[in-house]
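*Asks:* Here is a sequence with its predicted model. Questions after.
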Amino acid sequence: MPILCVEPLQQLLELGESGVHSMAILEHEWRRRKAFVDRHRQGNENAFKICQAVLVFQTPMGKMLVKLWFWWTGPYWITNVENDTFKLRTLADEILRQKINGFRV
């Protein structure tokens, strides 16, 4: 009958316990972040309504950063709201093809 060494078994048990502890910490952090996002998302859901005039922030994708650049375009009218995206139309009643993210409005 082989003799079992107690030291490696003890180390394996300690690793298992630390893994369970790490998973509990990760789950707690995940729940905390989810609560933060949900709390802030609820405040922004009713911020914009249909037929409201808004400005859109233009991101400088590949453009040279200029100090006196107009970053905001518009005004646009909101025609449709889905989750956090908006379908917009111009003052000349032209509907924009792409949806705009709520962070840019």
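*Replies:* Here it is on my side, so go on. These figures come from a predicted structure and were not determined experimentally. Residues are numbered from 1 along each chain as shown.

*Asks:* Which is the succeeding secondary structure element to the helix or strand hosting residue 24?
*Replies:* If you go by DSSP states H and E, residue 24 is part of helix 6-44. Counting by DSSP H and E, the element after helix 6-44 in chain order, helix or strand, is strand 53-57.

*Asks:* Quick check: mean pLDDT of that following strand?
*Replies:* In this model, strand 53-57 carries a mean pLDDT of 88.

*Asks:* now the next helix or strand after it: mean pLDDT?
*Replies:* Counting by DSSP H and E, the element after strand 53-57 in chain order, helix or strand, is strand 72-82. Per-residue confidence for strand 72-82 averages out to 87 on the pLDDT scale.

*Asks:* Each with direction, which strands does strand 72-82 pair with?
*Replies:* The pairing partners recorded for strand 72-82 under DSSP bridges are strand 53-57 (antiparallel), strand 85-89 (antiparallel).

*Asks:* These: which one's closest to residue 21?
*Replies:* Shortest distance between residue 21 and the strands paired with strand 72-82, using Cβ to Cβ, is found for strand 85-89: 40.3 Å. C-beta here means a position set from N, CA and C on the backbone, and glycine is covered the same way.
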